[in-house]
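Engineer: got a predicted model here, sequence first, then my questions.
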Amino acid sequence: MNNTHFSQYIPPKLWSYVTGTFTEAAGQVAGTTCIHRAAANETSVVTIPVMVPSNSVALQGVKLASIEVDYEVLTAEPTSITWTLSKVVRGAEGAVAVVSAVTKTDAVAAAAAKTVDQHKQVITLSTPAFIDNDEYYLLQASIVAGAGGNTMDFLG
């Protein structure tokens, strides 16, 4: 796919949430939806499957260059939010998948990414990659809520 302006919206209802109370809710803006994380002193992990077209022919799948995540920290700053991008190569019949870390940069620095505000985190791959049909990418946010917890909305 040779289109340098292609993008794909992945709704938060397709994401995976571990540890915490996550509920579907109306967004802060009328006509929008989100997944809301309730306040609690815990570490939550949000996993976003990067769902883009792939291809078995070299250089024919989507070339993944960056991922944008919209979220809001509503009350109280978390202790930290850490973003991790992984490439998962599917195993052949009888073999396990192989997971490897992907080198990337975060547009919003760690200190700013946790402030009470609306955020657009852009994760940029250091080496953009064409997506093969035997692999997929997962973006994870590890959110350490800290004492008193905090609330967040995930938009897309």
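Structural biologist: On my side now, so go ahead.
Engineer: and the strands in this protein?
Structural biologist: Per DSSP state E, the chain carries strands over the ranges 16-18, 22-26, 33-37, 43-50, 63-75, 80-89, 98-101, 104-106, 117-130, 135-144, 151-154.
Engineer: how far does the fifth one sit from the chain's center?
Structural biologist: Just to be clear, that refers to strand 63-75. Strand 63-75 sits 6 Å away from the centroid of its parent chain (C-alpha atoms, centre = their mean, to the nearest Å).
Engineer: same question for the longest one.
Structural biologist: How far strand 117-130 lies from its chain's middle: 9 Å, per C-alpha atoms, centre = their mean.
Engineer: same for that strand, what does it pack against?
Structural biologist: strand 63-75, strand 80-89, strand 104-106, helix 110-113 (3 or more C-beta pairs under 8 Å, 6 or more residues apart in numbering; DSSP states H and E). Placement of C-beta: from N, CA and C, glycine included.
Engineer: looking at those, which is closest to Ile48?
Structural biologist: With respect to Ile48, and counting by C-beta to C-beta, the nearest of these is strand 63-75 at 6.9 Å.
Engineer: how much space between the closest residue to Ala58 other than its chain neighbours and Val29?
Structural biologist: Spatial nearest neighbour of Ala58, excluding adjacent residues (C-beta to C-beta, 6 or more residues apart in numbering): Phe130 at 7.2 Å. Noted for Phe130: a distance of 35 Å to Val29, by C-beta to C-beta, to the nearest Å.
Engineer: more neighbours, the two?
Structural biologist: Neighbour count, other C-beta atoms under 10 Å: between Phe130 and Val29, Phe130 has more, with 16 against 9.
Engineer: can I assume that one is in contact with Leu59?
Structural biologist: Yes - between Phe130 and Leu59 there is a contact at 5.2 Å, judged by C-beta atoms under 8 Å.
Engineer: buried ones in the helix or strand of the chain with the lowest mean pLDDT?
Structural biologist: Scoring the helices and strands of the chain by mean pLDDT, DSSP states H and E places helix 110-113 at the bottom, with a mean of 89. Residues of helix 110-113 classed as buried by neighbour count (16 or more other C-beta atoms under 10 Å): Ala113.
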